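>>> Take this sequence and fold it.
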Amino acid sequence: MKRIQFLLLALGLILSVQSFSQVTLGVRGGANLSNMFFDIDSEYGEEPDTKLKPGLQFGLMLDVPLARNGFSMQPGLLFSQKGFSFDMEEMFDDLLADQGLELESYEGYMRVRLNYVELPVNFVFKMEGLQFFAGPYFAFGIGGAMTHDFKATADGETLNSSDIFDKDKYKIKAVYKPVDNDAYADFMEDNNLYDIYRGFDYGVNLGIGYQFDSFQVNLGYSYGLGNVTPNYDADKYEMDANYTKGFIQRNRVVSLSFAYFFAN
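The predicted structure is shown next:
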């Protein structure tokens, strides 16, 4: 409930600030290419091979002039899809090589999608139509999914994703409290979940853009600083208390977005 109140407050501030004479309200939409940075201690596993995953972003933004020399602030309230794709071809190749087999063919995908409501606060320097921006972002997870459809052939035999998974799509849930391992398995089964991730994320944005009349196009990069791995209750979790620190996952996103600012 507190997260919903915070997001409604942010939306209210964005809409109310627009009443000032030189502040303009805009709508924004675009595409994300996201991946996940992994830093995993060897005792907790190996870092997976991943690829970029496409996603969407859309929402509202403001342009708030800060000075006459071209500086402004552009806060926003966005829906943003992040996540990553597993490089299943390389994973199968390595797995089969350990068994003395050779991967003959592979096609398909396995993707993890994490959905966020995001609050970017970019500071912008404008030079004629050209724009440079940087600033922090704060994001709140609202769920996601793992989807897959792949086929691998080796030694004349074919393995499909349906041979491994009983469903084409699994839900992923954002959590905001430490996970109690005693109830973890029941929680996952009862909610039909594939995995969970830490709901709150934060990081920095930077990029370049161009504005002509009321239209703006931006090419940006988001560098996540928060660890997506959930917090586990150290007193109840079977692994040691350093697991969260030893299994680090951070969002990385390249985005191309378009915005339209309404006349004030």
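>>> Now do stretch 57-74, average pLDDT.
When pLDDT is averaged along stretch 57-74, the result is 91.
>>> all helices of the chain, in order?
Ranges of helices in the chain, per DSSP state H, are 2-17, 88-98, 181-190, 243-246.
>>> From Ser257, how far out is Gly88?
One correction, residue 88 is Met, not Gly. Separation of Met88 from Ser257 (C-beta to C-beta, to the nearest Å) stands at 29 Å. For the C-beta atoms, the positions are set from N, CA and C on the backbone; glycine is no exception.
>>> Name the residue closest to the centre of the protein, please.
Lys82 (2.6 Å; C-alpha atoms, centre = their mean).
>>> What does the pLDDT read for the residue of the chain most remote from its centre?
For the chain, the largest distance from the centre (C-alpha atoms, centre = their mean) belongs to Gly156, which lies 38.1 Å off. Here, the pLDDT recorded for Gly156 equals 79.
>>> ok, now how distant is the nearest residue to it once chain neighbours are set aside from Met110?
Computed as C-beta to C-beta, 6 or more residues apart in numbering, the closest residue to Gly156 that is not its neighbour in sequence is Glu104, at 8.0 Å. Using C-beta to C-beta, one gets 19 Å for the distance from Glu104 to Met110.
>>> what's the answer for Val228, then?
17 Å.
>>> What residues are recorded as beta-bridge partners of the nearest residue to Phe92 once chain neighbours are set aside?
Using C-beta to C-beta, 6+ apart and skipping the chain neighbours, the partner closest in space to Phe92 is Ala152 (4.7 Å). Using DSSP bridges, the bridge partners assigned to Ala152 are Tyr106, Leu159.
>>> measure Ala152 to Asp213 for me?
Shown here: Ala152 relative to Asp213, a distance of 51 Å by C-beta to C-beta.
>>> And Arg250, by the same measure?
Arg250 sits at a distance of 37 Å from Asp213 (criterion: C-beta to C-beta).
>>> do Asn205 as well
Counting by C-beta to C-beta, the gap from Asn205 to Asp213 is 24 Å.
>>> and these two? which has more neighbours close in?
For Asn205 versus Asp213, neighbours defined as other C-beta atoms under 10 Å are more numerous around Asn205 (22 against 8).
>>> Quick check: bridge partners of the more buried one?
Beta-bridge partners of Asn205, counted by DSSP bridges, are Gly135, Ser222.
>>> Tell me which stretches of the stretch 101-250 of the chain form strands.
Here the stretch 101-250 of the chain has its strands, by DSSP state E, counting those that start in this stretch, at 103-127, 130-154, 157-160, 169-175, 193-198, 200-212, 215-224, 247-261.
>>> Out of those, which is closest to Ile40?
Between Ile40 and the strands of the stretch 101-250 of the chain, the tightest spacing by C-beta to C-beta is seen for strand 247-261, at 5.4 Å.
>>> So what are the sheet partners of the closest one and their directions?
Strand pairing for strand 247-261, using DSSP bridges, gives strand 24-40 (antiparallel), strand 215-224 (antiparallel).
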